[in-house]
Structures are given as structure tokens and as C-alpha cells.
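> A structural model of the following input is requested.
(2 chains)
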Amino acid sequence: DTAVSQTPKYLVTQMGNDKSIKCEQNLGHDTMYWYKQDSKKFLKIMFSYNNKELIINETVPNRFSPKSPDKAHLNLHINSLELGDSAVYFCASSQAGGKLFFGSGTQLSVL
Amino acid sequence: DQQVKQNSPSLSVQEGRISILNCDYTNSMFDYFLWYKKYPAEGPTFLISISSIKDKNEDGRFTVFLNKSAKHLSLHIVPSQPGDSAVYFCAASVVEGGQNFVFGPGTRLSVLP
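Numbering: from 1, shown residues only, chains lettered A, B, ... in the order given. Take a look at the predicted model:
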């Protein structure tokens, strides 16, 4: 069983569209994250949720909205996609004081 | 401002020899450090970690050294194997600070047969 799974793996879409990436973890962790790996390969945190509560919200356009229906799920909705949103998005989870477990990533290409 | 730096974008090592990957950080509040390994088209996977109360942690072929006064850590892989070829990310966090893991830009290791 995959510990942190995210779908889709690849997402190709037109500028201006709205899209969602889903993430689920079966590790029983309390905290989930979204990271973005940009063209320079930096892994930067976007959001962190602890038990469905937003903990970290880095400087991210408000077109990006995370939604956590329960502590095992953290979805990422992106409105009005722009070319600069093209990147690889990673979901991750951790237990308090513990290491991060990552999903396999979603490669988003905005045309 | 980059709080976690990996100044070598790439490193090539002969199979069987030692690989040393370096990482520097600027935030003295960091108290938990991790190394992740990433293959293409996969998510980063955890390799080894070290708490700031230690200066060394070993797990099989992998050893992480922490020098708090220099704000420097290094990952030693010995002996290096071709399957170790990947991108290695250093990460740091403040355990009581909401678990914001800050990553370095990564070092691409190539182990040559």
C-alpha cells in the first residue's frame, strides 16, 4: 500500500483553467503538506495542515487553496492557472517531530 | 534568503569510494536535520536524520555528521554504489516551530561503475 498517494501524476492544462490535485495518506499522521518544486529544483513549502487546521501558509497566490476534509486528505485547488504555475507539486505527511513522507509528485504543465 | 544551502550542484564518485555531500544552514534555531534521496519522477524518500543534540548518526552505509558551531552537516556514503546515483536534498526544521521543513537545492550524485 502506498503511504502517501497523490493524483494525478501528470496534469496538462490550458492557462486560465481551474484544476485540483488530490492527496491521501494512510500513515495516521496528523500533519500534511504541499510542496512545490520549481524549475530551479528548489522544494518550497506552500501549506501545512495539522488535524485539518491550517498551520503554515507561505507566500502563495490566493489562487491556490488547500482543502482538508479530514486528517488523511489534503487536496490542492488551483484557480485561473498561469504559465508560472508549471512545476512539480509534492504532497507529504509527518507525525509531530518526525520525518516527512512524500507522495510521488504531480507534474503540472500549463500551456 | 536561502536558509539551507548545498553549494555543490553535482558530484561524481567512483563505485566503492566514499561520497561526501555537504550542507550549510544559517538559522541557528534549526534542531532537526534530514537527508532525502530523490530519483527522477519519484518523490523524495527519507534517508537519515540527526537531532541537534547529536553530532553523528549512522545507518548502514550512510553517516550524517553535524557541526553546530559551523552550522554544517555532511552525509557520507561508503562504499558508494551505482544505485546511490540520485539527487540528495538536505532539510532542516525547528521541531517546535510547526514542522516547517526547509530544503536545500539538492546535489546530484553520480556513482560511476
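> please make it C-alpha for all contacts and neighbour counts, starting now.
Will do.
> which residues of chain B fall in strands?
Ranges of strands in chain B, per DSSP state E, are B:4-5, B:10-14, B:19-25, B:32-38, B:45-51, B:56-59, B:62-67, B:72-77, B:86-93, B:102-103, B:107-112.
> and these, which one averages the lowest pLDDT?
For the strands of chain B, the weakest mean pLDDT is recorded on strand B:102-103, namely a mean of 92.
> phi, psi of the residue in chain A that chain B sits nearest to?
Chain A approaches chain B most closely through A:Ser104 (4.1 Å), counting by CA to the nearest CA. Phi and psi for A:Ser104, reported as degrees, to the nearest 10, are phi -80, psi 0.
> and if you look at A:Gly98?
phi -110, psi -180.
> and stretch B:9-23, anywhere near chain A?
No - Stretch B:9-23 does not reach chain A (CA under 8 Å from any CA of the partner chain); its nearest approach is 10.6 Å.
> ends of that stretch, what's the gap?
Stretch B:9-23 has an end-to-end distance of 11 Å (CA to CA, to the nearest Å).
> buried sites along that stretch?
B:Val13, B:Glu15, B:Ile18, B:Ser19, B:Ile20, B:Leu21, B:Asn22, B:Cys23 (16 or more other CA atoms under 10 Å in any protein chain shown).
> of those residues, just say which sits nearest to chain A.
B:Cys23 (14.3 Å).
> tell me if I'm right that the closest one and B:Gln2 touch.
No - here B:Cys23 lies out of contact with B:Gln2, judged by CA atoms under 8 Å, at a distance of 11.7 Å.
> right, I'll leave it there.
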